[in-house]
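Peer 1: Sequence first, predicted model second:
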Amino acid sequence: MSDSFYVPVGDGVWQATVHTAGPWDSSAQHGGPPSALLGRAMLRCQPRPDMMITRFTCEILRAIPVGEITVAARVARPGRSVELLEATASAGGREVARATAWRVLRTACPTVESRYPVPPPLPADPPGADDRAGVSKGWSDGYMSAMEWRPVVGGVAVPGPATVWMRMRYPLVPDEEPAPLERVLVAADSGNGASWELDISRWLFINPELTVHLHRDPVGEWVCLDAETAITSGGAGLATCRLFDLDGPLGVSAQSLFIAPRS
């Protein structure tokens, strides 16, 4: 088994490993790893150490196969203070995901402390068998086991709002320490899975997009999702998260959801 989410093939082509497999279909990737791979490409696109990415959106255009994908990034709108980045992922000659991100110039502005409550501390030990409890509840494995889960409230094994600490068990790509942004993007796409409200065996609640807003640089391996899902009759839902690391609040994320009976 590979010890990373992706292995390089060459010229921007990456082979997705079993660790990317999503919960609904073992042949399709979870949205977190490809979002992180697109974020990685953006960080390496005409890099600006004097800037930070403050908003990232990934549009999942179709199922992303657990296979070869080609990733490319560009500066769509250059600027001295604000820049717009774009990145794409393609498979089999078709675009499967498209991402945009704003990066802004770092300045000497003062810090205004967040008024979000401090999240519960990281549990000292993993929850043993419950670490992968979502698999037995109807999820497919792959990504589920590639992440370490330490639930504080709720979690993938039970319905309702959840507060869950997460970290990657493997690097995104071989022999490379994941960037803090990559760690956040891998985890943030789990908001709907952590805070599910409908029976997984009977319902789909799939997100066609992920949007993450950050007000500071993330630090460390651990990311905390304080997640909840709202669903209204008619087929739409919204999963939202407050995001934390061990230093405190760092941003928010949201996923629009398609809700439908599961065949």
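Peer 2: Done, it's in. Numbering: from 1, shown residues only.
Peer 1: CA atoms for contacts and neighbours, from now on please.
Peer 2: Fine.
Peer 1: now the strands for the protein?
Peer 2: 6-10, 13-16, 51-60, 68-77, 82-91, 94-105, 147-153, 162-168, 203-206, 209-214, 223-232, 236-245, 248-261 (DSSP state E).
Peer 1: Compare those and give me the one nearest Pro120.
Peer 2: strand 147-153 (7.0 Å; C-alpha to C-alpha).
Peer 1: Which strands or helices does that closest one pack on?
Peer 2: Where contact means 3 or more C-alpha pairs under 8 Å, 6 or more residues apart in numbering; DSSP states H and E, strand 147-153 is packed against strand 162-168.
Peer 1: show me the contacts for Asn207.
Peer 2: Asn192, Gln255, Ser256, Leu257, Phe258 (C-alpha atoms under 8 Å, 6 or more residues apart in numbering).
Peer 1: Highest neighbour count among the residues you listed?
Peer 2: Asn192 (28 neighbours; other C-alpha atoms under 10 Å).
Peer 1: how about the nearest residue to that one, chain neighbours excluded?
Peer 2: Leaving out its chain neighbours, the residue that sits closest to Asn192 by C-alpha to C-alpha, 6 or more residues apart in numbering is Ala239, at 5.3 Å.
Peer 1: and the one you found, how many residues sit next to it?
Peer 2: 26.
Peer 1: who touches the residue lying closest to Val252 once chain neighbours are set aside in this structure?
Peer 2: Nearest residue to Val252 in three dimensions, chain neighbours excluded: Arg242, at 4.6 Å (C-alpha to C-alpha, 6+ apart). Arg242 makes contact with Leu225, Asp226, Ala227, Pro249, Gly251, Val252, Ser253, according to C-alpha under 8 Å, 6+ apart.
Peer 1: ok, now with 7 Å
Peer 2: Neighbour list for Arg242: Leu225, Asp226, Ala227, Gly251, Val252, Ser253 [criterion: C-alpha atoms under 7 Å, 6 or more residues apart in numbering].
Peer 1: For it, which residues count as its bridge partners?
Peer 2: Asp226, Val252 (DSSP bridges).
Peer 1: Check it and give its pLDDT.
Peer 2: For Arg242, the pLDDT comes out at 96.
Peer 1: distance of it from Gly251?
Peer 2: 6 Å (C-alpha to C-alpha, to the nearest Å).
Peer 1: Likewise for Glu113?
Peer 2: 12 Å.
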